[in-house]
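Enquirer: I'll drop the sequence and a predicted model, then ask my questions.
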2 protein chains.
Amino acid sequence: MKKIEIVQNILEANESIASQNQRLLDEYKVFAINIMSSPGAGKTSLILQTIARLKDKLRIGVVEGDFASTIDADKVKDEAAAVVQITTRNMSEQCALIANMVSHALKCLPLGDIDLLLIENVGNLLCPAEFVLGEHRRVVISSLPEGDDKPIKYPVIFADADAVVINKLDFLPYVDFDIAAFEKAIKRLNPGVKILQVSCKTGAGIENWCSWLLDELKANRIGK
Amino acid sequence: MKKIEIVQNILEANESIASQNQRLLDEYKVFAINIMSSPGAGKTSLILQTIARLKDKLRIGVVEGDFASTIDADKVKDEAAAVVQITTRNMSEQCALIANMVSHALKCLPLGDIDLLLIENVGNLLCPAEFVLGEHRRVVISSLPEGDDKPIKYPVIFADADAVVINKLDFLPYVDFDIAAFEKAIKRLNPGVKILQVSCKTGAGIENWCSWLLDELKANRIGK
């Protein structure tokens, strides 16, 4: 039982640091989103589309979590108000962001000059589900080429999401993906979840995604 | 340092059980392949294509690793000589198969009646890289819709693979995927790796994949 006890302690310690992160974000009125998905489902693309659509309304900061590279931070750095890269390869937890890493990232960000913080997690449908970071909303992206069975195979991450974004809608003619069955499987795990269909490539559905984001931000806080 | 020490102990214990697994497989002349990839890259599809192409030449067993469901085992069960499902959700390690799980699976399989054992790992490009299972070859599948930056973002799993299978080749007209750059990035990490291009949907390249598999099997052992 020793390992399980230690895992329990790690998760409790993580929750406590996540609460501190959220208090700090609230103090600066920064609304934070934790974006999770498989590798290549479109986390960076959704962040870029969001910044393009909302940069005149909101000051947007980004935390880029990656196992080994800075590719995503490089793509985002000229678009966002501020970017911090977290590379997990040599950390104690490598397969997901944890609250302690985000706590360090928050110290590097000009929180007073940010309204919305988009946190791109490590590409993984399992480990990120375990760790809260202090975010206000949890978003999972699932892309059509991955197949419509993902909610059944990776239920925890979907059960706990505030929104699920179905990306790569432009692939619909080329894949066997039953959107109705996929949405039904998610609703079974998580009846209150918001489901949005987008294509980060064509821009379809991005307006709806941004409307949801603005509504949630407004519901959560009074603007700065 | 306590957590890192414990992780070290877990990895050492895993290697020792993996060696026992491999000795057992060798005793029964079973050639075992560990198949790893992101969620939805085509592990089950490659297994089904392999069985369809080789079932008259080899008796093929399958170990299906999954976090929560038995979907893949259900797809494979009528095709393979024998199938064992490992569901990791309530195990101490959830995000990858470990040698101990495979050790239990081997006890459930009729090893004397199997020539080739295909082990489908949990869909994840990070954790499975950490754990050897007793397999003779490690294979990573990467699919075109995931993007060509995966070797740079998840180098460990590619550096340690015996073969990398590029799947969903039928998506080439619809994605920005530079196959030459992808292969170059993999060769930089792992100069001796075999790279194969396939489409599990159309069957393109499956013959080459099966030839590689048969050559490796023959190089590794004298047939039963």
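Expert: Done, it's in.
Enquirer: can you confirm A:V139 is in a strand?
Expert: Yes - under DSSP: H, G, I helix; E, B strand; the rest coil, A:V139 falls within a strand.
Enquirer: host element of A:D176?
Expert: For A:D176, there is no helix or strand it lies in under DSSP states H and E.
Enquirer: now the one 4 residues further on
Expert: Applying DSSP H and E as the criterion places A:A180 in helix A:179-189.
Enquirer: that helix near chain B anywhere?
Expert: No - applying CB under 8 Å from any CB of the partner chain, one finds helix A:179-189 separated from chain B by no less than 10.5 Å. Using the backbone N, CA and C atoms, a C-beta is placed for each residue, glycine as well.
Enquirer: just the strands in chain A please.
Expert: A:31-37, A:60-66, A:82-87, A:116-120, A:137-143, A:163-167, A:194-197 (DSSP state E).
Enquirer: flag every buried residue along stretch A:104-124.
Expert: A:105-106, A:109, A:111, A:114-124 (16 or more other CB atoms under 10 Å in any protein chain shown).
Enquirer: same check on stretch A:78-94?
Expert: Buried, per 16+ other CB under 10 Å, within stretch A:78-94: A:80-88, A:93-94.
Enquirer: now it: average pLDDT?
Expert: Summarised as a single mean, pLDDT over stretch A:78-94 is 90.
Enquirer: and what of stretch A:145-154?
Expert: 96.
Enquirer: tell me how far that stretch lies from the chain's centre.
Expert: Relative to its chain's centre, stretch A:145-154 lies at 18 Å (CA atoms, centre = their mean, to the nearest Å).
Enquirer: quick one: contacts for A:V175?
Expert: A:144-145, A:147 (CB atoms under 8 Å, 6 or more residues apart in numbering or on different chains).
Enquirer: on the pLDDT front, check the closest residue to A:V156 other than its chain neighbours for me.
Expert: Closest residue to A:V156 apart from its sequence neighbours, by CB to CB, 6 or more residues apart in numbering or on different chains: A:A129 at 4.5 Å. What the model reports for A:A129 is a pLDDT of 96.
Enquirer: I figured A:A129 was touching A:I157, is that so?
Expert: Yes - taking contacts as CB atoms under 8 Å, A:A129 lies within contact range of A:I157: 3.9 Å.
Enquirer: quick check: the most centrally placed residue in chain A vs B:A161, distance?
Expert: Taking CA atoms, centre = their mean, the centroid of chain A lies closest to A:I35, which sits 0.8 Å from it. From A:I35 across to B:A161, the span is 28 Å (CB to CB, to the nearest Å).
Enquirer: get me the contact residues on chain A for chain B.
Expert: Near chain B, when you scan chain A using CB under 8 Å from any CB, you find A:3-4, A:6-7, A:10, A:38-40, A:66-69, A:71, A:92, A:94-95, A:122-127, A:143, A:145-147, A:149-150, A:152-156, A:168, A:170-171, A:174.
Enquirer: which ChimeraX command selects the buried ones in the residues you listed?
Expert: To isolate the buried ones among the residues of chain A next to chain B in ChimeraX, judged by 16+ other CB under 10 Å, type:
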select /A:10,38,39,40,66,67,68,69,71,94,95,122,123,124,125,126,127,143,145,146,147,149,150,152,153,154,155,156,168,170,171,174
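Enquirer: so the closest residue to A:A96 other than its chain neighbours versus A:F67, what's the distance?
Expert: Closest residue in space to A:A96, ignoring its immediate chain neighbours: A:C127 at 3.7 Å, by CB to CB, 6+ apart. The gap separating A:C127 from A:F67 is 11 Å, by CB to CB.
Enquirer: so what sits against both of the two?
Expert: With CB under 8 Å, 6+ apart, A:C127 and A:F67 have common neighbours A:95, B:126.
Enquirer: would you tell me which helix is longest in chain A?
Expert: helix A:2-27 (DSSP state H).
Enquirer: what is it packed up against?
Expert: Helix A:2-27 is packed against strand A:31-37, helix A:99-108, helix B:2-27, with contacts defined by 3 or more CB pairs under 8 Å, 6 or more residues apart in numbering or on different chains; DSSP states H and E.
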